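Visitor: Need a 3D model of the sequence below.
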Amino acid sequence: MKVTIVGAGNVGATCVDAIAHRRIASEIVVVDIKEGFAEGKAMDIMQTQTTLGFNTKVVGSTNDYSKTAGSDVVVITSGIPRKPGMTREELIGINAGIVKGVAEQLLVHSPNAIVVVVSNPMDTMTYLTLKATGLPKNRIIGMGGALDSSRFKYFLSQAMDKPANDIQGMVIGGHGDTTMIPLTRLASYNGVPVSQFLSEEALVKVAADTMVGGATLTGLLGTSAWYAPGASVAYLVDAILNDQKKMIPCSVLLEGEYGQDDICMGVPCIIGKNGVEQIVDIALNDSEKALFAKSADAVRAMNGDLKSILG
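Guide: The predicted structure follows:
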């Protein structure tokens, strides 16, 4: 099984590292526009094979997409990262043109690939990729919900002083600081609602911390985070390549689900070898429905900026 990662920066390289070390794919191609950068990252990772005990082949390429031919999954991380004080939405004008060009080149060489979009603003870039390529919606997946949910469970675990791996929870809506919706009502600790362990005030704080989780790290690091995003991509790619049928919140095209149409947003999906195999339409309460509608309005407003790019 072959995976291509476009963008050899912090997020892209961490994707490659996680997928290789977990032996998810037999071959990974990493592509970057900077001369020699992807080749250097690939060589560095390959030199950990004997010490870490994996056999995945990692190949680097400077803007040569012919090496990506026959990929089962392609991951687009290319584009500029966030800087301190910058929102994901502010990236749209720069990253839209990059993502559109990359997606088109990838599909020339891997026409049957499933596309995972990581570039920000992620929901808008997912929608752009869908419209620009004309692929069926099951093959275009935005990664953000997996990352947001992992951060949600981290903040819950910190507040409860319980292991994150024993906590279930998800984040839906747009992948933005003001648009994501941590579903505190449905979160649980080994099947027990987290509301039995945390006060309403504490849950409100967890939700707020989750929503600005990415911005918090950007402020601390001076650039976007990369370990958690890279691991989230590997988790999603694993579910696809190994047909795991996992329920993962992902940004996908909605056609009536959750009361929305012609928009890509984060919702729980069953992920397997065909990409998005089912959208799980969970019952939201009135408050959650209102938040989802508000989130959709914000995402749709950003999508309006794509008109000149899509033509």
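
Visitor: State the phi and psi torsions of residue 144.
Guide: phi -50, psi -40 (degrees, to the nearest 10).

Visitor: Roughly how far does it sit from residue 79?
Guide: Per CB to CB, to the nearest Å, residue 144 is found 14 Å from residue 79. Every C-beta, even on glycine, is put in place using the N, C-alpha and C of the backbone.

Visitor: quick one: which of these two has more around it?
Guide: For the pair residue 144 and residue 79, the greater number of neighbours falls to residue 144 (31 against 23), based on other CB atoms under 10 Å.

Visitor: In contact with the residue lying closest to the more buried one once chain neighbours are set aside, which residues?
Guide: Nearest residue to residue 144 in three dimensions, chain neighbours excluded: residue 175, at 3.0 Å (CB to CB, 6 or more residues apart in numbering). Contact criterion CB atoms under 8 Å, 6 or more residues apart in numbering gives 88, 120, 121, 122, 123, 142, 144, 145, 147, 148, 251, 266 as the residues in contact with residue 175.

Visitor: 7 Å - rerun?
Guide: Shown in contact with residue 175 (CB atoms under 7 Å, 6 or more residues apart in numbering): 122, 123, 142, 144, 145, 148, 251, 266.

Visitor: Residue ranges in the stretch 201-311 of the chain under the pLDDT threshold?
Guide: Across the stretch 201-311 of the chain, the ranges flagged by pLDDT under 70 are 307-311.

Visitor: if we can go back for a sec, how much space separates the residue nearest to residue 144 from residue 201?
Guide: For residue 175, the distance to residue 201 equals 26 Å [CB to CB].

Visitor: Scan the contacts of residue 175 and report the most crowded one.
Guide: When neighbours are taken as other CB under 10 Å, the top entry among the contacts of residue 175 is residue 266 (33 neighbours).

Visitor: which SS state does it fall under?
Guide: Here residue 266 is recorded as strand under DSSP: H, G, I helix; E, B strand; the rest coil.

Visitor: Can you tell me the closest non-neighbouring residue to it?
Guide: Excluding the flanking residues, the one nearest residue 266 by CB to CB, 6+ apart is residue 145, at 3.7 Å.

Visitor: Name the nearest residue to the residue nearest the centre of the chain, ignoring sequence neighbours.
Guide: What sits nearest the mean C-alpha location of the chain, by CA atoms, centre = their mean, is residue 143, with 1.8 Å. Excluding its sequence neighbours, the residue lying closest to residue 143 (CB to CB, 6+ apart) is residue 118, at 5.0 Å.

Visitor: quick one, phi/psi of that neighbour?
Guide: phi -120, psi -30.

Visitor: residue contacts, it?
Guide: Residue 118 makes contacts with 11, 75, 76, 77, 143, 229, 233, as judged by CB under 7 Å, 6+ apart.

Visitor: Which ones among the residues you listed map onto helices?
Guide: Judged by DSSP state H, the subset of those located in helices is 11, 229, 233.

Visitor: what residues are up against the second one?
Guide: This points to residue 229. Residue 229 makes contact with 11, 118, 147, according to CB under 7 Å, 6+ apart.

Visitor: Check the gap between it and residue 275 for me.
Guide: Here the criterion is CB to CB. By it, residue 229 lies 19 Å from residue 275.

Visitor: Same check on residue 48?
Guide: Using CB to CB, one gets 30 Å for the distance from residue 48 to residue 275.

Visitor: More neighbours: these two, which one.
Guide: Remark: of residue 48 and residue 275, residue 275 carries more neighbours, 23 against 14, as counted by other CB under 10 Å.

Visitor: Looks like the more buried one contacts residue 141 (just checking).
Guide: Yes: applying CB atoms under 7 Å, one finds residue 275 in contact with residue 141, separated by 6.0 Å.

Visitor: Find residues that contact each of those two.
Guide: Shared between the contact lists of residue 275 and residue 141 (criterion: CB under 7 Å, 6+ apart) are residues residue 114.
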